[in-house]
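Asks: here's a sequence, model it:
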Amino acid sequence: MTSRSCNTKLKSEANQFLKNFKFEHSQKPKIDRSSLKLSEVRERIISHYNINNAHNTFLSYRNSYDNLMRIIGDLPISIIDKSIIEDFKTKRSKEVNLISTNIDIRNIKAMFNKLVEFEFLEFSKVAKIKQFKIEKKKMLAIDSADIVNILNSIKDIQLKHIVRFTLLTASRISEVLNVKIKDIDFENEVINIFQQKTNCFKTIPLTKGLLELINEIINSGNDSNILTLANKESYLFHNKIINRTDLKLRADTVSKQFKRILKKLKLSDDFKFHSLRHSSITELIKNNVPLNIVKEIAGHKSITTTMIYSHVKSDDLRQAVNSLSF
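Replies: Just a heads-up that it's a prediction; the model follows:
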């Protein structure tokens, strides 16, 4: 929706302006949709995702669109059908793994639906394209005894704080490193954590253990690097090497530090920093926390995702029954 000034206060002149405006727009030639190429609608579709989605989501759609143009060429959008996208899928899968290829396929299908919505297409010919079938990976959770060993092995105080914060909030590394002082609501005793994956906040209660950890983080170090509550834009986990509270740590740096600890303890190579989130959610399930509450703590959009972890409890029951020797 938009508005246009008539530059007048008289109703009769305003009505005449509206009449002329409608006439001018009715005279515009209709777009020949059959000849529109990918390059000609690119700006319209990409700008939509730039305005309406998180930055990383926008980048994902833009990359998928550009990958499509690069591989199939600048074809008219009206002729792009299932066979062309199947060919794209095959060629793209030789460049990247199947997961990345599937992301492109999902994005392309969504973008072609938008082209229909924007009336550049009458209907999408790629709606029924299927993604590659990928065997689901098991949610790798680290045993609680191993987590204790990990925490005891970490010499870097900040890394230990990050690991503990992750376990207490069941968060992703990107979410943990994005937390600022302003996200901690001491008055209402909650902490708001933004999730880029779902583009929304999840709210975690500021429990005694979490509050003690946050106070420990804020008061750690010497006078030159103490985080002050007055600076609401300070990152909770900022770059202490150059003493910049407005500069957050890099996720890959933290992940590499954590991986070195796992290697030192000779734990499975399959474990990574994200395993801490799985461990936290798994522990909640084992402690009989209702699935709908686990869903909120984990920040899952759908309880179906949370239910993936429910196999843990059934496995525990099976192991318990197998231990019977009557």
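Asks: in this structure E216 contacts F165, no?
Replies: No. Judged on Cβ atoms under 8 Å, E216 makes no contact with F165 at a distance of 10.2 Å. Every C-beta, even on glycine, is put in place using the N, C-alpha and C of the backbone.
Asks: quick one, which of these two is more surrounded?
Replies: Using other Cβ atoms under 10 Å, the more surrounded residue of E216 and F165 is F165, with 22 against 13.
Asks: now name the helix or strand holding the more buried one.
Replies: Of the helices and strands defined by DSSP states H and E, F165 is found in helix 157-169.
Asks: now do the buried residues in that helix.
Replies: The neighbour-count check on helix 157-169 (16 or more other Cβ atoms under 10 Å) flags Q158, L159, K160, H161, I162, V163, R164, F165, T166, L167, L168, T169 as buried.
Asks: number of nearby residues for the nearest residue to the second one once chain neighbours are set aside?
Replies: Sequence neighbours aside, Q257 is the residue nearest to L159 in space, at 5.3 Å (criterion: Cβ to Cβ, 6 or more residues apart in numbering). The number of residues packed near Q257 is 17, by other Cβ under 10 Å.
Asks: distance from the chain centre to the strand or helix carrying Q257, please.
Replies: Using DSSP H and E, Q257 sits within helix 251-264. Computed by Cα atoms, centre = their mean, to the nearest Å, the separation of helix 251-264 from the middle of its chain amounts to 21 Å.
Asks: ditto for stretch 287-294
Replies: Mean C-alpha position of stretch 287-294 versus that of the full chain (Cα atoms, centre = their mean) differs by 23 Å.
Asks: got it, and stretch 158-177?
Replies: 16 Å.
Asks: first-to-last residue distance for that stretch?
Replies: Counting by Cα to Cα, to the nearest Å, you get 11 Å between the two ends of stretch 158-177.
Asks: okay, which residue is most central for this structure?
Replies: Centrality entry for the chain: nearest residue to the mean C-alpha point is K197, 1.6 Å, by Cα atoms, centre = their mean.
Asks: how about the contacts made by S60?
Replies: I103, N107 (Cβ atoms under 8 Å, 6 or more residues apart in numbering).
Asks: verify the contact between V116 and A127 for me.
Replies: No. The criterion here is Cβ under 8 Å, and V116 misses it with A127 at 9.1 Å.
Asks: strands of the stretch 151-300 of the chain, start to end?
Replies: Taking DSSP state E, counting those that start in this stretch as the criterion, the stretch 151-300 of the chain carries its strands at 184-185, 190-195, 200-205, 238-239, 244-248.
Asks: what angle do the second one and strand 200-205 make?
Replies: Relative orientation of strand 190-195 and strand 200-205, computed by axes from the mean of the first three to the mean of the last three Cα atoms, to 10 degrees: 150 degrees.
Asks: mind checking pLDDT for T306?
Replies: pLDDT recorded at T306 is 85.
Asks: now it: which helix or strand?
Replies: Counting by DSSP H and E, the element that carries T306 is helix 303-307.
Asks: what are the contacting residues of that helix?
Replies: Contacts of helix 303-307 (Cβ under 8 Å, 6+ apart): I281, L291, N292, V294, K295, A298, H300.
Asks: before we move on, what about stretch 205-213?
Replies: Applying Cβ under 8 Å, 6+ apart, the contact partners of stretch 205-213 are 161, 164-165, 168-169, 184-186, 189-191, 204, 214.
Asks: who's the residue nearest to R244 when sequence neighbours are not counted bridged to?
Replies: Spatial nearest neighbour of R244, excluding adjacent residues (Cβ to Cβ, 6+ apart): H238 at 6.3 Å. Beta-bridge pairing for H238 (DSSP bridges): K248.
Asks: how about the contacts made by H238?
Replies: Contacts of H238 (Cβ under 8 Å, 6+ apart): L227, R244, T245, D246, L247, K248, L249.
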